[in-house]
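Undergrad: next come a sequence and a model predicted from it.
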Amino acid sequence: MKPTFYLLILILICQQSFAQITVRNDAYIFGNDVVIYVEDDINLKEANTNLYLRNEAQIIQGAGNTGNSGLGRLSVYQEGTVNNYAYNYWSSPVGNVTTNTVGNSPFIPNQNIFDIVDLTNSNLAGYSTSSYNGTSSPLNIESYWLWKYNPGATYSDWDFVGQSGTVDAGYGFSMKGTIGSSAASGQLYDFRGKPNEGEINTAVVLGQETLIGNPYPSALDARAFIHDPNNVPLLDSGTLYFWEQDQTISSHILEAYRGGYGSFTITASGTVGSFVPPTFNAYNSDGTLNTTGTSSTSGKQVRRYIPIGQGFMVKGAATGSLLTSDSHRVFYRESGTNSEFYRTSVQNQTNHDDQVYEIQYDNNGLQILPSDYKRFRLNIDFNNLYTRQLLHNFHETATTNFDYGLESKVFSTLNTDANWVQNNEAYNIKADNFEVDLTIPLSLKLNNQQLIRFRIFDVQNFESAQPIYLHDILENVYINLKEQDFEVNLPAGEYNNRFEITFQKVNSLSNQEFTEASFIILQENNLNQLIIKNPNTIALKSVKLFDITGKQIFDKSDMETKTRVTFSTKNLSDGVYVTKIETKDGSTISKKVIIINK
């Protein structure tokens, strides 16, 4: 094919939609930094026909197609961002072309990953390595590190792929980098094969994880995927989990690994994304966690538009099939501000299609929120060794129950850790409707005595005079984290009812003296009753009962002002509970009670 001919085809593709693209007879199409819209199917008919996507060019296909076909290949580049000791999670945008079939084909590493020679020529990657280390020039991939996970619950559920195994469209796989590659100097791979398209299903199982990813030669809109009606009941906490590994450790021995999962979710409107970086776990020789803990310091981010080739973990909220479809695809350049191949550097180019939403970020890479949202991030440092970051969103639509798209569960907790608590589960991203009298329980567990530090940042859309307190309930100390950090040395143990975030101090009742003597709180186990004596007839807003984990058992509000109120505890399990009284003047008092039903 002569250059003038392929340029003419390129212009036509950019300016109008084709019902179908068919390329044959020793021909090729070269897409350079463009979006190719195809309403129907792509047929790269003969083995010597090629479609090249270069400089962030992408393909978008319409829905309801019969499937791509042909023996020719689409070629698209993607760059790995780790060294030879660390994993990237991948999802191939192409499948093999061994036979001319209609529809998506499995990805096979030694048929679909190529070593780049020049703009149009590549050779199949090699798999001849030494000491389990991949090399860059020529490209040799260490096949020992190619694995998939679909689905599983333990380390033994990883399935070996190697150089000749198969990975079905939509699923992900792990692959380590090459000697000399890193986040700053990545390894470039040429994925060549039949382009994936159409509806793609990936299995999830209740309580288990599956490694999946973006299966298309275009960006994937995380909002469209997370909020697809098919996926909402299946995707646990509406969260995508992205693997990151400590690249300062130069070892292939499992016990030396340090790694963890960052959490990402996004609202249905697509205007508010929530990402929390991982706190790293350590591993035992059998693959189980020893939960020692270190911190990610890479600054890597996950954003709305997931680039070509990116893999990630999901958890099953139920057993079924997640759906990715052409309706989730969008043309968004990886160099734009809302897309990264889970890497640290982002170029300045931010051109994008008019149909995508552009979230704005500050100089620290943190999203600038719409004015009707509030948020803060809480960093909790353990013995100056590592940090657990917790994010809290506020919006008028948030409820006391789970809010899909605004909250995320922790992928896995450490032996020494911190988290928000909701329905007896650990969260690292939580949401509430902001009220000045709101209290937010904070749970800590420590495996040994150590120094704990609380720090706050990314405070957005709060009134400048509005404090954000860490309340040490035991010591009745309020620290305004907007003004100073708080440090405390704590012995080993679990702290489920000692710390909370509040937005006002609760020390007095306007014109009345408010002390613990203002109320008598007692549990009468012979009568199976919780009794509140209120001799001063102070007006009550609510009486709440929590179990020792922080789970709310009941919330009684708008009660008559009486000197004595009772609540039945007959149906509660034996154990320690916390009663919290809140007055209409905004004061609170809490007391532990022991319930033993007789």
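TA: Nice, I can see it.

Undergrad: only C-alpha atoms for contact and neighbour calcs from this point on.
TA: Fine.

Undergrad: partners of residue 361 in the sheet?
TA: Here residue 361 shows beta-bridge partners residue 367, assigned using DSSP bridges.

Undergrad: so it makes contact with residue 370?
TA: No. Distance between residue 361 and residue 370: 11.5 Å, which falls outside the contact criterion (CA atoms under 8 Å).

Undergrad: how about the residue lying closest to residue 477 once chain neighbours are set aside, what does it touch?
TA: Excluding its sequence neighbours, the residue lying closest to residue 477 (CA to CA, 6 or more residues apart in numbering) is residue 471, at 5.7 Å. With contact taken as CA atoms under 8 Å, 6 or more residues apart in numbering, residue 471 is in contact with 477-479, 499-502.

Undergrad: buried members of those into PyMOL, please.
TA: To isolate the buried members of the contacts of residue 471 in PyMOL, using 16 or more other CA atoms under 10 Å:
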select buried, resi 478+479+499+500+501+502
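
Undergrad: could I get the contacts of residue 471 as JSON lines with distance to residue 88 and secondary structure?
TA: Formatted as JSON lines, the contacts of residue 471 follow (distance: CA to CA, whole Å; DSSP: H, G, I helix; E, B strand; the rest coil):
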{"residue": "477", "distance to residue 88": "45", "secondary structure": "strand"}
{"residue": "478", "distance to residue 88": "43", "secondary structure": "strand"}
{"residue": "479", "distance to residue 88": "41", "secondary structure": "strand"}
{"residue": "499", "distance to residue 88": "37", "secondary structure": "strand"}
{"residue": "500", "distance to residue 88": "37", "secondary structure": "strand"}
{"residue": "501", "distance to residue 88": "37", "secondary structure": "strand"}
{"residue": "502", "distance to residue 88": "40", "secondary structure": "strand"}
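
Undergrad: closest to residue 430 out of the contacts of residue 471?
TA: For those, the minimum distance to residue 430 (CA to CA) is 12.5 Å, reached by residue 501.

Undergrad: the closest one reaches residue 437, doesn't it?
TA: No. The pair residue 501 / residue 437 is not scored as a contact, 10.4 Å apart, by CA under 8 Å.

Undergrad: mind exporting stretch 203-217 as CSV, just the C-alpha atoms?
TA: Output of stretch 203-217 as CSV, limited to C-alpha atoms (Å, rounded to 0.1, in the frame of the first residue of the first chain):
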residue,chain,number,x,y,z
ALA,A,203,-16.8,-14.1,36.7
VAL,A,204,-17.0,-12.9,40.3
VAL,A,205,-17.8,-15.0,43.4
LEU,A,206,-19.2,-13.8,46.6
GLY,A,207,-16.4,-12.9,49.0
GLN,A,208,-13.6,-13.7,46.5
GLU,A,209,-11.4,-11.6,44.2
THR,A,210,-11.0,-11.6,40.4
LEU,A,211,-8.2,-10.0,38.4
ILE,A,212,-9.7,-8.2,35.4
GLY,A,213,-9.0,-5.0,33.5
ASN,A,214,-9.6,-2.8,30.6
PRO,A,215,-10.0,-5.2,27.6
TYR,A,216,-10.2,-2.7,24.8
PRO,A,217,-7.8,-0.7,22.5
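
Undergrad: buried residues, it. List them.
TA: Buried residues in stretch 203-217, defined by neighbour count with 16+ other CA under 10 Å: 203-206, 208-217.

Undergrad: show me these that map onto strands.
TA: 203-204, 209-213 (DSSP state E).

Undergrad: ramachandran angles for the residue nearest to residue 477?
TA: Dihedral pair for residue 471: phi -100, psi 110, per degrees, to the nearest 10.
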